[in-house]
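A.B. asks: Build me a model from this:
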Amino acid sequence: MRYLKSHALLPVLAAGLLTLAGCANTSPYSGDVYTGNQAKTAQSVSYGTITALRQVQIQAGDQNSGALGGIGGAVIGGLLGNQIGGGSGRTLATAAGAIGGSVAGKKIEDSANRTAAWEMEIRRDTGQSVVVVQKADRAFQVGQRVRLIGSGSNLSVAPY
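C.D. replies: Residues are numbered from 1 along each chain as shown. This is a model prediction of the structure:
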């Protein structure tokens, strides 16, 4: 009886791992969120007009990208494969289920860690053009005047 209880709990734990895997923090990709290093730091400001706008996706990732999804998928796939057949057939089904589950789990996690974004081409008032990609949490349109705040990899776009 103890085996059945722990055996039934494993899919729940694996599903929990897959759920946690899709919890990437996409807030830093927003033009409305500043990092701790940017707070109380002077930022340069320039002005421009949006000349092109395209919807894109940002693939959020970190050093463990895909690991939790892959592990959770392997556990679920292995458990499902273990329900098939007996003897060496069961062993092969368990291994195949674990491998297939790992691949599927990583793909699910990668898909869950994408966020909608804008690719904005902006012509600065100086005549120079720049492209900025940031989270699509604000409505922008071609011809709109904007402020470009920061520089280099810390550049964000805000309405003017």
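A.B. asks: The longest strand seen in the chain pairs with which strands?
C.D. replies: Criterion DSSP state E: the longest strand present in the chain is strand 45-59. Strands that pair with strand 45-59, judged by DSSP bridges, come out as strand 114-124 (antiparallel), strand 145-149 (antiparallel).
A.B. asks: Tabulate the ones you listed (a markdown table), appending mean pLDDT, mean neighbour count and distance to residue 131.
C.D. replies: All C-beta spots, glycine's among them, are computed from the backbone N, C-alpha and C. Listed next are these as a markdown table, based on pLDDT from 0 to 100; neighbours: other C-beta atoms under 10 Å; distance: least, C-beta to C-beta, whole Å:
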| stretch | mean pLDDT | mean neighbour count | distance to residue 131 |
| --- | --- | --- | --- |
| strand 114-124 | 92 | 18 | 5 |
| strand 145-149 | 95 | 17 | 11 |
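A.B. asks: Would you format the ones you listed as TSV with distance to residue 96 included?
C.D. replies: Shown next, in TSV, are those (distance: least, C-beta to C-beta, whole Å):
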stretch	distance to residue 96
strand 114-124	28
strand 145-149	52
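A.B. asks: Nearest to residue 87, out of those strands?
C.D. replies: Closest of the strands paired with strand 45-59 to residue 87 is strand 114-124, at 42.2 Å (criterion: C-beta to C-beta).
A.B. asks: Which strands and helices lie in contact with whichever helix or strand comes after that closest one?
C.D. replies: Next helix or strand after strand 114-124 toward the C-terminus (DSSP states H and E): strand 129-135. For strand 129-135, the packing partners by 3 or more C-beta pairs under 8 Å, 6 or more residues apart in numbering; DSSP states H and E come out as strand 45-59, strand 114-124, strand 156-159.
A.B. asks: Of those strands, which is nearest residue 80?
C.D. replies: That would be strand 114-124 among the helices and strands packed on strand 129-135, by C-beta to C-beta, at 26.5 Å.
A.B. asks: Which segments of this protein make up each domain?
C.D. replies: Taking automatic domain parsing as the criterion, the chain consists of the domains 1-26+66-112, 31-56+116-160.
A.B. asks: Lowest mean pLDDT across those, which one is that?
C.D. replies: The minimum mean pLDDT among the domains of the chain belongs to domain 1-26+66-112 (a mean of 61).
A.B. asks: separation between residue 33 and residue 153?
C.D. replies: Using C-beta to C-beta, to the nearest Å, residue 33 is found at 15 Å from residue 153.
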